[in-house]
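Asker: Could you work out the structure for the sequence below:
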Amino acid sequence: MEHTPYKLNLPPETCFRVDHADVRRFVAAVAKASGLVDDRAELLAELLTANDLRGVFSHGTRQIARYARSIRDGRLNADPEVRVAREGPTSVVMDGDGGLGYFPMYDGTMRAIEKAQELGVAVLQTRNHGHIGAAGIYSRMPLEHGMAAFVTAGGGLDLQPGQPVYTPAIGSPVSISAPAGSEPPIVVDFAPVYDLRISPRWPDLAQWIPGTIFRCIGLGMIAQAWGGIMAGSPASGGRERPRRYAETGQCGFAFMFQIGLFIDPAEYRREMDALAGSLRELAPLDGFEQASYAGGVEGEREREFREAGIPLGPEHRHDLESIASELGVDAPWG
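Answerer: Here you go, the predicted model:
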C-alpha cells in the first residue's frame, strides 16, 4: 500500500516568504482596523505570528481573517474587560467578557505561572469567550519557567440525535508539554478527532483500528469535561445561557507544575536532551525523511522561518489579502 504523508501544517509547496516582523505588524494593523483595542491587537498578532513561525499555519495568521470579521460585525467584544472571576492559592478562573479566548487564556496562564513558581502547581479555568487558538500557545508558556503543562478547551455543545459518535469531541484541542535543555522541548499540540472529521476513509478506520478511534474520542471527551463542563458550559446546547456576543461558547483549562517537585531540574534537562537525540536516530515513519518528535520539528522550522521568512501559500495569502482589502489595510508584500 502506498503511504502519503499527512499534509496538515506542512510548509506549502508553492509559497513566497515574508519577514516575520512584517507579518506581525500587518496582523496587528488588521486587528486594530477591525475595532480591537491596540494592546490586545498587538498581543494577538504576536501569538498568531509565533504559530506561523512554528509551522502551525492552521492556527496562525490565517485566523485573523475570521477573527477580524467577528470583531467588526459585533460577534465578539472588541474591548473585553478580562477579569479574575475566582481565585485560590493554586487556582484562578478568568472571565473573558465576550472577547477572543486568547486574552483570558494568556492573562490567566501568566497568573497561574506565578502561582506555580511559588507553590509548585497551578490550575487555570477560563469562560465567557471565543476561540483560544492553538492550545500549544499556552502549554509553551510555562516551559520558560521549567514547568510542564496540560492545556485543553471545550464548551458550546449542541448535540442532536443521529450525529457521529465523535461529535462531542469536535473542536477540542489538547496540548501537553515538557521542557528540555538545549534541545527543543516536547510540545504535543493537536485536535484528537480532527482526522476522523476530514478523512474519507472514516468508515474503514472505524473497522481497522477501533481502539485508536475510541482513544481519540476519549481524549476529546476529556477536553469537554475539563475544558467545557467544569468551566460551567452545559452539556446540551438547549440549556446554553443567553450570550451577549454570539461567538463566546468556548472555555479553557490549563494545569502546570514544576519539574523540580520530582527530580533535579538539571538532571531532568540532561536526560530530555539525550532522549531527543536518541529519537532522531530511530527509523522514521514511511514517507518521512527523518524521525523526530512533537516540538522538535516545530523548533527546527522556527529557526528556519526566522531567518528566511514565513512561507505564505496561495490560500494563506488570499485569506490575508481578502480581509486587508475589506478593512483598508495595505499588505507588506505589495
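
Asker: Would you mind measuring from the most centrally placed residue in the chain to Gly146?
Answerer: The residue lying closest to the centre of the chain (C-alpha atoms, centre = their mean) is Ala134, at 0.9 Å. As judged by C-beta to C-beta, to the nearest Å, Ala134 and Gly146 stand 22 Å apart. Quick note: C-beta positions are derived from backbone N, CA and C, even for glycine.

Asker: now the strands: where do they sit in the chain?
Answerer: Applying DSSP state E to the chain gives strands spanning 16-18, 83-88, 91-95, 121-129, 147-154, 174-178, 186-190, 250-258, 310-312.

Asker: quick one: average pLDDT of the fifth one?
Answerer: Looking back up the chat, that one is strand 147-154. Strand 147-154 shows an average pLDDT of 97 in the prediction.

Asker: That one to strand 186-190, inter-axis angle?
Answerer: Interaxial angle of strand 147-154 relative to strand 186-190 (axes from the mean of the first three to the mean of the last three C-alpha atoms, to 10 degrees): 0 degrees.

Asker: pull the CA atoms of strand 147-154 into PDB?
Answerer: Extracted in PDB, the C-alpha atoms of strand 147-154 (Å, rounded to 0.1, in the frame of the first residue of the first chain):
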ATOM      1  CA  MET A 147       7.400  23.700  34.100                       C
ATOM      2  CA  ALA A 148       5.400  21.100  32.200                       C
ATOM      3  CA  ALA A 149       1.700  21.700  31.300                       C
ATOM      4  CA  PHE A 150      -1.600  20.300  30.000                       C
ATOM      5  CA  VAL A 151      -4.000  22.600  28.200                       C
ATOM      6  CA  THR A 152      -7.400  22.000  26.600                       C
ATOM      7  CA  ALA A 153     -10.600  23.700  25.700                       C
ATOM      8  CA  GLY A 154     -14.300  22.800  25.300                       C
END
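
Asker: Residues in contact with it: which ones?
Answerer: 101, 113, 116, 132, 135-136, 138-139, 141-143, 171-179, 222-229, 231, 233, 250-259 (C-beta atoms under 8 Å, 6 or more residues apart in numbering).

Asker: run the last query once more with 6 Å
Answerer: 116, 132, 135, 138-139, 142, 172-178, 223-224, 226-228, 250, 252-256, 258 (C-beta atoms under 6 Å, 6 or more residues apart in numbering).
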